[in-house]
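> Fold the following.
(2 chains)
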Protein chains: 2
Amino acid sequence: MRKCYVICDYLSEENIRQISKTAQDCGFDVAFYERSEEARGNISDAEIAYCIDSTLLKEMPHLKWCHDGFAGVEKFVASGVFDSGEAVLTNSSGAYGLTISEHIIMVTLMLMRQMPRYFEIIGERGWVQDLPIRSIQGSRAAIIGTGDIGQNTARRFKALGAEKVIGFNRSGRKQECFDEVYRLEDLDRIICGTQAEAEPLDVLVLCVPGTAESSGLLSKERIARLSDKTFVINVGRGTVIDQDALLEALNEGRIAGAALDVMYPEPLPADHPLWTAKNCIITPHISGDMGLPYTVDKTVEFFCENLERYARGDDLLHRVDIEAGY
Amino acid sequence: MRKCYVICDYLSEENIRQISKTAQDCGFDVAFYERSEEARGNISDAEIAYCIDSTLLKEMPHLKWCHDGFAGVEKFVASGVFDSGEAVLTNSSGAYGLTISEHIIMVTLMLMRQMPRYFEIIGERGWVQDLPIRSIQGSRAAIIGTGDIGQNTARRFKALGAEKVIGFNRSGRKQECFDEVYRLEDLDRIICGTQAEAEPLDVLVLCVPGTAESSGLLSKERIARLSDKTFVINVGRGTVIDQDALLEALNEGRIAGAALDVMYPEPLPADHPLWTAKNCIITPHISGDMGLPYTVDKTVEFFCENLERYARGDDLLHRVDIEAGY
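Presented below is the predicted three-dimensional model:
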């Protein structure tokens, strides 16, 4: 019988039931492993795999389709397994917009409302009030990356009264939830070039995948041209920012603050200077983790829908463009 | 010349200009003091005062109208100065909805996304992921108090996808931004009585003024009947909650967590057990402080509009009902 393996540790009983039923209906024998170590050596007959660990790919020489439960697929792409086109890679982009955009709204408000400083004060049992704060209402945000995460974030900023939310993507193609969308190459002109003339940005959100193109996107030069009124929020990949330059800008007060859910390396070493950077909220890559049932349910829904498509011979949804890397 | 005094330390130059011009146009001589100590002894001829310190009232025997820059007016009401109706009290209810509702959204997300726990982990330079989290989208919230703050909060919960937002007020009068509004006396039936049958509340927000009626509203008995899924958020007055009972419920995990911006006493003593209560975010009464220019501008706008009304002999807006206490 044709074999399908599901290798991850975050599925609910209902998720497992749903996958089992769909696989059975589609003529597949499905087996579940919580950990990679348990799977290794037992999955060589895989035709289909749902997994999050790219090191398992080499254990499955007959793989035709792999579904990544996450949205970021750098390691899967880098494996080379999908280069020839014989095996197809799909990911779970579209499952993370809700949870990551809520993270972004949370840290935006925490930065605007001086929570890093207030938590220091509270930590010493202090009682201080009236630190200058800002509001999302009437604010200006730029979001680099206009996919599911960027769109969900833009929608929430606008719903909370942001005055202007602009987006950046490769094509400059307009998305309804943004006031304006520009091409990535307009970044300097729009964000970093006009701060002297225009109102500075309140928030710059980075939610782009980690690709060759996005690496170093927020460069030292661009950071140098940001306003000291601007908060930088990164939920994509740490490599998208020149981290040393950002650290310096934070500590010198050349940007207003940052919230970094991604960085390099991860985990961040205990003695890394980023931990104590000025007005910087560090979170351990949790903005889009599997703690929210909605996210897990979505990845499972995507997988099951694709399983039916695969069985029928239809094109798969959420297919990764191997060359573009996302 | 008729005298108007403005006694507070948070006005911008633009605010001062606006008040000066309005007073002049209305035939008043206006003087500004940043601190109460400077004002004392110099304000006995006041006909009008804008202030935030109720101890100044006894310095102004000829006062006809006092505008409180804050929304909570317990001490002004308790002074007895306004009992006879010879002097009128107005407050700044309506200036705080924006900032306090953004605080509520922030702490709701922080509680739902396990920030108290993650900050402990981060404090030890740890790296943990996948703690179970929740989302505002699809959530159920109850808001006690349906004034400006409650309405702004309800609107934001709905804008972020909350499934159901119910309100409670004295009359049960429906407000557009709530799915349902009940009378305060239905609290037990709706919130505390039906948890066994219905989906439990995700969030219970308290934004009622501190009055005789609201004192102890979230009593020990009501706390005992809340779900361990429910987060309690208080931005009104500490006295609205039986704080000892809340502390016990938090530490025993009988409620999911809390975010308290108000408590008793304030400032909270350094050795108070609330500081270390389980899953409890304490902030030093800052949800509606004067750190946000929008808030200050609004209180000044209210005052200036009323100054014109006062000069014309029209009824004043934002007038406090001395008997009701808000």
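> Near chain B, which residues of the stretch 201-326 of chain A are found?
Listed as neighbours of chain B in the stretch 201-326 of chain A under the rule C-beta under 8 Å from any C-beta of the partner chain: A:266-268, A:270, A:275, A:282-286, A:289-292, A:294. Where C-beta positions appear, they are placed from N, C-alpha and C, glycine not excepted.
> By mean pLDDT, flag the weakest helix or strand of chain A.
helix A:187 (a mean of 92; mean pLDDT, DSSP states H and E).
> Can you give the contact residues for it?
A:144, A:168, A:217, A:222 (C-beta atoms under 8 Å, 6 or more residues apart in numbering or on different chains).
> can we see that at 7 Å?
For helix A:187, contacts defined as C-beta atoms under 7 Å, 6 or more residues apart in numbering or on different chains pick out A:168, A:222.
> What residue spans form the domains of chain A?
The record, using automatic domain parsing to delimit domains, assigns chain A the ranges A:2-95+A:291-312, A:97-282.
> In chain A, where's the longest helix?
helix A:293-312 (DSSP state H).
> which regions of chain A sit below the pLDDT cut-off?
A:193-198 (pLDDT under 70).
> If we use 80, what do you get?
A:192-198 (pLDDT under 80).
> Centre-most residue in it?
Ranked by distance to the mean C-alpha position of chain A (C-alpha atoms, centre = their mean), the top residue is A:G236 at 4.0 Å.
> pretty sure A:V77 is touching A:I322, no?
Yes - here A:V77 reaches A:I322: they are 5.7 Å apart, a contact under C-beta atoms under 7 Å.
> and those two? which has more neighbours close in?
Higher neighbour count among A:V77 and A:I322: A:V77, with 25 against 18, using other C-beta atoms under 10 Å in any protein chain shown.
> ok, now which ones touch the more buried one?
Contacts for A:V77 (C-beta under 7 Å, 6+ apart) come out as A:320, A:322, A:325.
> In helices only, show me the residues you listed.
Members of the contacts of A:V77 lying in helices (criterion: DSSP H): none.
> mind putting the residues you listed in CSV, distance to B:T211 included?
CSV is the format used below for these (distance: C-beta to C-beta, whole Å):
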residue, distance to B:T211
A:V320, 60
A:I322, 65
A:G325, 60
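> where exactly do the helices run in chain A?
Using DSSP H, helices in chain A cover A:13-25, A:36-39, A:74-78, A:97-112, A:115-123, A:148-159, A:187, A:220-224, A:243-251, A:293-312.
> Around A:D9, how many other residues sit close by?
Counted with other C-beta under 10 Å, residues neighbouring A:D9 total 12.
> so what's it up against?
Each residue near A:D9 by C-beta under 7 Å, 6+ apart is listed here: A:34-35.
> how near is it to A:L250?
35 Å (C-beta to C-beta, to the nearest Å).
> what residues does the stretch 1-150 of chain A put near chain B?
Residues of the stretch 1-150 of chain A that fall close to chain B, judged by C-beta under 7 Å from any C-beta of the partner chain: A:10, A:98-99, A:102-103, A:105-106, A:109-110, A:113, A:118, A:122, A:125, A:127-133, A:135-137.
> cutoff 6 Å now
Within the stretch 1-150 of chain A, the positions adjacent to chain B are A:98, A:102, A:106, A:109, A:125, A:127, A:129-133, A:135, A:137 by C-beta under 6 Å from any C-beta of the partner chain.
> And these, which is closest to B:D314?
A:Q137 (30.1 Å; C-beta to C-beta).
> Which of the residues of the stretch 1-150 of chain A next to chain B are buried? Put it as a ChimeraX command.
If you want just the buried ones from the residues of the stretch 1-150 of chain A next to chain B in ChimeraX, going by 16 or more other C-beta atoms under 10 Å in any protein chain shown, the selection is:
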select /A:98,102,106,109,133,135,137
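> and the residues of the stretch 1-150 of chain A next to chain B as CSV, adding distance to B:V30?
Formatted as CSV, those follow (distance: C-beta to C-beta, whole Å):
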residue, distance to B:V30
A:L98, 51
A:E102, 46
A:M106, 42
A:L109, 36
A:R125, 40
A:W127, 32
A:Q129, 26
A:D130, 23
A:L131, 28
A:P132, 26
A:I133, 28
A:S135, 29
A:Q137, 30
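> Buried ones in stretch A:220-240, by neighbour count?
A:222-223, A:226-227, A:230-240.
> meant to ask about stretch A:145-152
Quick answer for stretch A:145-152 (16+ other C-beta under 10 Å): A:145-152.
> now do stretch A:64-79
A:65-74, A:76-77, A:79.
> now, which of those residues sits nearest B:C304?
For those, the nearest to B:C304 is A:A71 (51.4 Å; C-beta to C-beta).
> The closest residue to the closest one other than its chain neighbours: neighbouring residues, count only.
Excluding its sequence neighbours, the residue lying closest to A:A71 (C-beta to C-beta, 6 or more residues apart in numbering or on different chains) is A:S93, at 4.6 Å. Neighbour count for A:S93, taken as other C-beta under 10 Å: 21.
> how far away is A:S93 from chain B?
A:S93 sits 18 Å away from chain B when distances are taken as C-beta to the nearest C-beta, to the nearest Å.
> Then A:T211?
Plainly put, A:T211 is 23 Å away from chain B if you go by C-beta to the nearest C-beta.
> dump the residue contacts of that residue.
The contact partners of A:T211, by C-beta atoms under 6 Å, 6 or more residues apart in numbering or on different chains, come to A:325-326.
> what's the distance between it and A:L184?
12 Å.
> A:C207 too?
Taking C-beta to C-beta, one finds A:C207 at 13 Å from A:L184.
> more neighbours, those two?
A:C207 (30 against 16).
> shouldn't that one be in contact with A:V235?
Yes - counting by C-beta atoms under 6 Å, A:C207 does reach A:V235; the two are 5.2 Å apart.
> before we move on, the earlier item: with respect to B:Y310, which of the residues of the stretch 201-326 of chain A next to chain B is nearest?
A:T283 (51.2 Å).
> Can you tell me the closest non-neighbouring residue to the closest one?
Nearest residue to A:T283, sequence neighbours excluded (C-beta to C-beta, 6+ apart): A:D261, at 4.7 Å.
> can you check A:L260 too?
Nearest to A:L260 is A:N234, by C-beta to C-beta, 6+ apart, at 5.2 Å.
> what bridges to that neighbour?
For A:N234, the beta-bridge assignment (DSSP bridges) gives partners A:L206, A:L260.
> surely it meets A:L206?
Yes - at 4.5 Å, A:N234 counts as touching A:L206 under the criterion of C-beta under 6 Å.
> hang on, A:Y5 packs against A:Y50?
No - counting by C-beta under 6 Å, A:Y50 is not a contact partner of A:Y5; they are 7.4 Å apart.
> Of the two, which one has the most company?
A direct count of neighbours by other C-beta under 10 Å for A:Y5 and A:Y50 places A:Y50 higher, at 28 against 25.
> wait, what's in contact with the more buried one?
Per C-beta under 6 Å, 6+ apart, neighbours of A:Y50: A:6, A:67, A:303.
> quick one, what contacts the last one?
In this case it means A:F303. A:50, A:67 are the contacts of A:F303 under C-beta under 6 Å, 6+ apart.
> and if you look at the second one?
For A:H67, the set of contacting residues under the criterion of C-beta under 6 Å, 6+ apart consists of A:50, A:90, A:303.
> Which strand residues bridge it?
Going by DSSP bridges, A:H67 forms beta bridges with A:Y50, A:T90.
> Just the buried ones out of the residues of the stretch 201-326 of chain A next to chain B, please.
For those, buried by 16+ other C-beta under 10 Å: A:268, A:282-286, A:289-292.
> that older thread, would you confirm that the residue nearest to the centre of chain A contacts A:L206?
Yes - A:G236 lies in contact with A:L206 (C-beta under 6 Å); the separation is 5.2 Å.
> one step back: distance of the residue nearest to the centre of chain A from B:G150?
Here the distance between A:G236 and B:G150 works out to 36 Å (C-beta to C-beta).
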